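**Q** sequence first, then the predicted structure, then my questions.
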Amino acid sequence: MNNKKVNQEERQAELKRRQELEKLIESTSAENEIEVNKAKNILTARRQGFLNYHEVKITIDKEANKIVKAIAGFYLDKEIIGTVPYVKQKTKVDIITVSSLLFQMRTAEHAIIKLLGEIDDGNLHPRTFEVLASLQRSKMEIVKHLAQFMLIMENAYKAFKDDYRVKKSESTTYIDETSEDSEGTGFRTRGSRALIQAMTKLKNEQKDDDFTIEDVKDNSKRKDT
């Protein structure tokens, strides 16, 4: 009797499960959509962080422009930055390089944040953690390259400041090589070349003066005889 009673209860439970499955299969897609909407209202959905790459690129270009102009303006005058063609072209190239590094770093950060969200949602596959570690290493390499390029820019503009000063002093030497001082007792020169030319000129004038004095002595002796 007990076995028969147990078998009947099992059959009834199995029949009930079958009816539920048949009802679920026979339900329409509209009913399923209603149930899904009910579940959405009950459960808090995670907000997807989308990245507007166009806006990010514009923002990064402005940041790169400020960084390069700040470094160049710290070592060079505004007139040099705006008038010397070499400096103008160099700043353009530096802005492109800094912008590219910043954009790569920003996109790497976005990918890392997305992967962290996948892990929080339950994606605990080992491959997910491998990709996350690879992205983190890539980001650190980008940060290292950016720091190195900043030092390269600083040294380049610092060296150009000295080179520009030397070149400017050489150019002014050709324009105004020598001039007499206010007292008329000597010469003021700019650059080694002007100094050599002034000394050579002074030596030639002294030779001419000595020759003139000897000529006067000879003429006086002839007159006495």
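**A** Thanks, I have it. Numbering: from 1, shown residues only.
**Q** got the domain ranges for this protein?
**A** Following automatic domain parsing, one gets these domains for the chain: 53-175, 178-219.
**Q** right, so these: which one is the most enclosed?
**A** Mean neighbour count (mean count of other CB atoms under 10 Å) peaks for domain 53-175 among the domains of the chain, with a mean of 14. All C-beta atoms are positioned from the backbone trio N, CA, C, and that covers glycine.
**Q** that older thread, for residue 23, which of the domains of the chain is the nearest?
**A** Among the domains of the chain, domain 53-175 comes nearest to residue 23, with 29.7 Å by CB to CB.
**Q** for the record, mean pLDDT for that closest one?
**A** Domain 53-175 shows a mean pLDDT of 89.
**Q** want to throw the domains of the chain into a markdown table with distance to residue 8?
**A** Output for the domains of the chain, formatted as a markdown table (distance: least, CB to CB, whole Å):
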| stretch | distance to residue 8 |
| --- | --- |
| domain 53-175 | 42 |
| domain 178-219 | 117 |
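**Q** break down the chain into its strands, ranges please.
**A** For the chain, the strands defined by DSSP state E cover 178-180, 187-189.
**Q** which strands and helices sit next to the helix ranked longest in the chain?
**A** If you go by DSSP state H, the chain has its longest helix at helix 126-175. With contacts taken as 3 or more CB pairs under 8 Å, 6 or more residues apart in numbering; DSSP states H and E, helix 126-175 sits against helix 53-75, helix 85-120.
**Q** of those helices, which is nearest residue 158?
**A** That would be helix 53-75 among the helices and strands packed on helix 126-175, by CB to CB, at 5.2 Å.
**Q** so that closest one versus helix 126-175, what angle?
**A** Counting by axes from the mean of the first three to the mean of the last three CA atoms, to 10 degrees, helix 53-75 points 40 degrees away from the direction of helix 126-175.
**Q** kindly export helix 53-75 (C-alpha atoms) in PDB.
**A** Output of helix 53-75 as PDB, limited to C-alpha atoms (Å, rounded to 0.1, in the frame of the first residue of the first chain):
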ATOM      1  CA  TYR A  53      35.800  58.400 -28.800                       C
ATOM      2  CA  HIS A  54      35.200  61.600 -30.900                       C
ATOM      3  CA  GLU A  55      34.700  63.800 -27.800                       C
ATOM      4  CA  VAL A  56      37.600  62.100 -26.000                       C
ATOM      5  CA  LYS A  57      39.900  62.800 -28.900                       C
ATOM      6  CA  ILE A  58      39.000  66.500 -29.000                       C
ATOM      7  CA  THR A  59      39.500  66.800 -25.200                       C
ATOM      8  CA  ILE A  60      42.900  65.000 -25.400                       C
ATOM      9  CA  ASP A  61      44.100  67.200 -28.300                       C
ATOM     10  CA  LYS A  62      43.400  70.200 -26.200                       C
ATOM     11  CA  GLU A  63      45.200  68.700 -23.200                       C
ATOM     12  CA  ALA A  64      48.200  67.800 -25.400                       C
ATOM     13  CA  ASN A  65      48.300  71.300 -26.900                       C
ATOM     14  CA  LYS A  66      48.400  72.800 -23.400                       C
ATOM     15  CA  ILE A  67      51.100  70.500 -22.200                       C
ATOM     16  CA  VAL A  68      53.500  71.100 -25.100                       C
ATOM     17  CA  LYS A  69      52.900  74.900 -25.100                       C
ATOM     18  CA  ALA A  70      53.500  75.000 -21.400                       C
ATOM     19  CA  ILE A  71      56.900  73.200 -21.700                       C
ATOM     20  CA  ALA A  72      58.000  75.300 -24.700                       C
ATOM     21  CA  GLY A  73      56.900  78.500 -23.000                       C
ATOM     22  CA  PHE A  74      58.800  77.700 -19.900                       C
ATOM     23  CA  TYR A  75      62.200  77.500 -21.800                       C
END
